[in-house]
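Visitor: what follows is a predicted structure for the sequence shown.
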Amino acid sequence: MHQLRLRRTVIVAVLVAAATMTSACSTTSPTAAGASATGHSLRSPDCRAAALSLTVSGRDGTALPAPPTDEGAVLLAVVVTNEGTHSCVLGGWPRARLSAHGEPFGPYALQIRAVPAPAVTLRPSGAAQVYTALHARTDSAHCDAVVPDAVAVVLPHTERPLSAGLPPGYLGSTCRSETDTLIGIQAVLPR
């Protein structure tokens with residue numbers, strides 16, 4: 001039942017990403033947030049974790065939706081901002097896990113590879129986004145309960161995880177399971 005709910009949320013996430021990709025790939029001009037879906041540039045190296053920051057928002061910069069319930073999941077955007085002084089390129093599928101008190105737990109997110117992953121050039125202060133489906137699970141028979149306070153994300157071409165904080169108690173108590181996937185994640189997309 002849990003996997004079925006996550007899969008339904010993943011399908012919605014795929015549709016949102018496809019719509020985003022269709023609009024983003026129709027032009028190669030930069031977006032308002034400083035990202036463009038152009039080819040990998042010789043002048044722009046891959047982004048490094050030290051120059052990036054993460055925040056969480058609703059889809060396309062809207063307010064966070066209501067927290068998920070046992071009946072479903074919630075679709076969020078993890079916003080990646082280039083805090084550096086030079087443009088850099090992100091592309092591919094990040095890895096992500098929930099985190100509590102700075103300690104990631106559980107298996108890495110299910111990567112949703114239904115749409116291609118463009119190379120996204122981030123100018124200084126530019127942003128990209130990664131759609132993420134989070135599911136709260138409270139079946140304590142198979143796991144220890146924990147209250148996640150962040151999503152730990154390892155972006156493509158980086159090694160150390162970055163943290164995107166969640167509002168206190170946003171997911172409530174969920175499983176600290178090492179086998180149940182509680183996150184679905186898509187490729188880095190222009191914002």
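Guide: Thanks, I have it. Just so it is clear, the structure is predicted and the values come from calculations on it, not from any experiment.
Visitor: all strands of this structure, in order?
Guide: Remark: strands assigned in the chain by DSSP state E are 35-36, 52-57, 73-82, 88-90, 95-100, 103-105, 110-111, 120-122, 127-135, 145-146, 150-154, 162-165, 174-175, 183-190.
Visitor: in TSV: these, plus mean neighbour count and mean pLDDT.
Guide: For every residue, glycine as well, the C-beta is placed using N, CA and C. Shown next, in TSV, are the strands of the chain (neighbours: other Cβ atoms under 10 Å; pLDDT from 0 to 100):
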stretch	mean neighbour count	mean pLDDT
strand 35-36	26	54
strand 52-57	18	94
strand 73-82	23	91
strand 88-90	24	94
strand 95-100	22	92
strand 103-105	17	90
strand 110-111	16	91
strand 120-122	28	95
strand 127-135	26	90
strand 145-146	16	83
strand 150-154	23	95
strand 162-165	18	94
strand 174-175	24	77
strand 183-190	26	90
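Visitor: among these, which is nearest P45?
Guide: Counting by Cβ to Cβ, P45 lies closest to strand 88-90 out of the strands of the chain; the figure is 5.8 Å.
Visitor: tell me what the closest one is packed against?
Guide: Under the contact criterion of 3 or more Cβ pairs under 8 Å, 6 or more residues apart in numbering; DSSP states H and E, strand 88-90 touches strand 120-122.
Visitor: 10 Å instead?
Guide: strand 73-82, strand 120-122, strand 127-135, strand 183-190 (3 or more Cβ pairs under 10 Å, 6 or more residues apart in numbering; DSSP states H and E).
Visitor: off-centre distance for it?
Guide: 16 Å (Cα atoms, centre = their mean, to the nearest Å).
Visitor: what residues are bridge-paired with Q129?
Guide: V79, L189 (DSSP bridges).
Visitor: correct me, but it touches Q186?
Guide: Yes - checked against Cβ atoms under 10 Å, the pair Q129 and Q186 is within contact range at 9.2 Å.
Visitor: now distance to A96 too, for the helices and strands packed on strand 88-90, in a markdown table please.
Guide: Below are the helices and strands packed on strand 88-90 laid out as a markdown table (distance: least, Cβ to Cβ, whole Å):
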| stretch | distance to A96 |
| --- | --- |
| strand 73-82 | 8 |
| strand 120-122 | 17 |
| strand 127-135 | 6 |
| strand 183-190 | 5 |
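Visitor: how about those strands, which one is nearest W93?
Guide: Once those are compared by Cβ to Cβ, strand 183-190 is nearest, at 5.1 Å.
Visitor: export that closest one to CSV, keeping only CA atoms.
Guide: Output of strand 183-190 as CSV, limited to C-alpha atoms (Å, rounded to 0.1, in the frame of the first residue of the first chain):
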residue,chain,number,x,y,z
ILE,A,183,11.4,9.7,-1.2
GLY,A,184,11.1,9.9,-4.9
ILE,A,185,13.4,12.4,-6.8
GLN,A,186,13.7,13.7,-10.3
ALA,A,187,16.5,15.2,-12.3
VAL,A,188,17.8,18.7,-11.8
LEU,A,189,15.5,21.1,-13.9
PRO,A,190,15.7,24.8,-14.8
